[in-house]
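> Have a look at this fold, sequence not included:
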């Protein structure tokens, strides 16, 4: 009888894990591995890193999976390329449109520094939570340009380059020691284009007018309480509080699963209980 009971309990647990609601989790604090490894060493080093392709595949699958109730993403300060952020925002938006709860949590968006792009990613989520000690570094976008002409001259390096138009600025890195007017104009237009995308995304995600977002960028950065007052985040909360809210929304029997592993269909584990 004892052996039979053990078998029945095991089958019940397996069935429960196969049918219970899912909460997907993604940790971006270490960034994402965006492309295939270029060499064997790179393949080894990337084995434990989350791959962008797996994340996007998992989120596409989750949008159609009735078991998936919510997505929690921990946003970090490690830089992500703007193209990657745009792909993630589109995937999160599709998940929201499918009726899934999407939650972004961060210990900080920039520590009074460059947190604009991480925060821009977070605004694609239905709810945005910030740790009470955190800040929102919504301060705009800047582009830097390095020039090597002086350094190469000191090293005695000679080079030959061809340049057809003043707006073809790739060669300027080697031929100039400062920006030309055309170079500055082209970078200025690129920067403004990125800012326009950020403003539009933040305005839509947070229900603010674009002019208000521009004003907030000019005023940033913000400490936690100021960010809540400005409507940039929904609430100040610690990680366990965020997970507790999501568990209540998704169901007490919800299981937690990393997005990358979900894309490959592994076994899930229970959501952490509040301490």
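Perfect, I can see it now. Since the structure is predicted, the reported quantities are computational estimates derived from the model, not experimental observations.

> My read is that residue 63 contacts residue 95, right?
Yes. Using C-beta atoms under 8 Å, residue 63 is in contact with residue 95, at 5.2 Å. Any C-beta I mention is one placed from the backbone N, CA and C, and that applies to glycine too.

> mind listing the helices for this structure?
Secondary structure of the chain (DSSP state H): helices at 2-19, 40-45, 52-64, 82-97, 116-122, 149-155, 172-175, 181-206, 210-219, 224-229, 239-250, 259-262.

> Could you name the helices and strands sitting against the last one?
Which is helix 259-262. With contacts taken as 3 or more C-beta pairs under 8 Å, 6 or more residues apart in numbering; DSSP states H and E, helix 259-262 sits against strand 22-27, helix 52-64.

> and of those, who's closest to residue 219?
Among the helices and strands packed on helix 259-262, the nearest to residue 219 by C-beta to C-beta is strand 22-27 (30.2 Å).

> What strands flank that closest one, and is each parallel or antiparallel?
The pairing partners recorded for strand 22-27 under DSSP bridges are strand 68-74 (parallel), strand 255-258 (parallel).

> possible to save those strands as CSV with distance to residue 134 and mean pLDDT?
Compiled in CSV, the strands paired with strand 22-27 are given as follows (distance: least, C-beta to C-beta, whole Å; pLDDT from 0 to 100):
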stretch, distance to residue 134, mean pLDDT
strand 68-74, 12, 96
strand 255-258, 23, 92
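
> Packed most tightly, which of those would that be?
strand 68-74 (a mean of 24; mean count of other C-beta atoms under 10 Å).

> So what touches that strand?
21-29, 59, 62, 92, 95, 100-106, 122, 125, 239, 242-243, 246, 249-251, 254, 259, 262 (C-beta atoms under 8 Å, 6 or more residues apart in numbering).

> what residue ranges in the protein are flagged as low confidence?
Counting by pLDDT under 70, the chain contains low-confidence ranges at 1-18, 35-48, 111-113, 148-149, 152-153, 158-167, 266-275.
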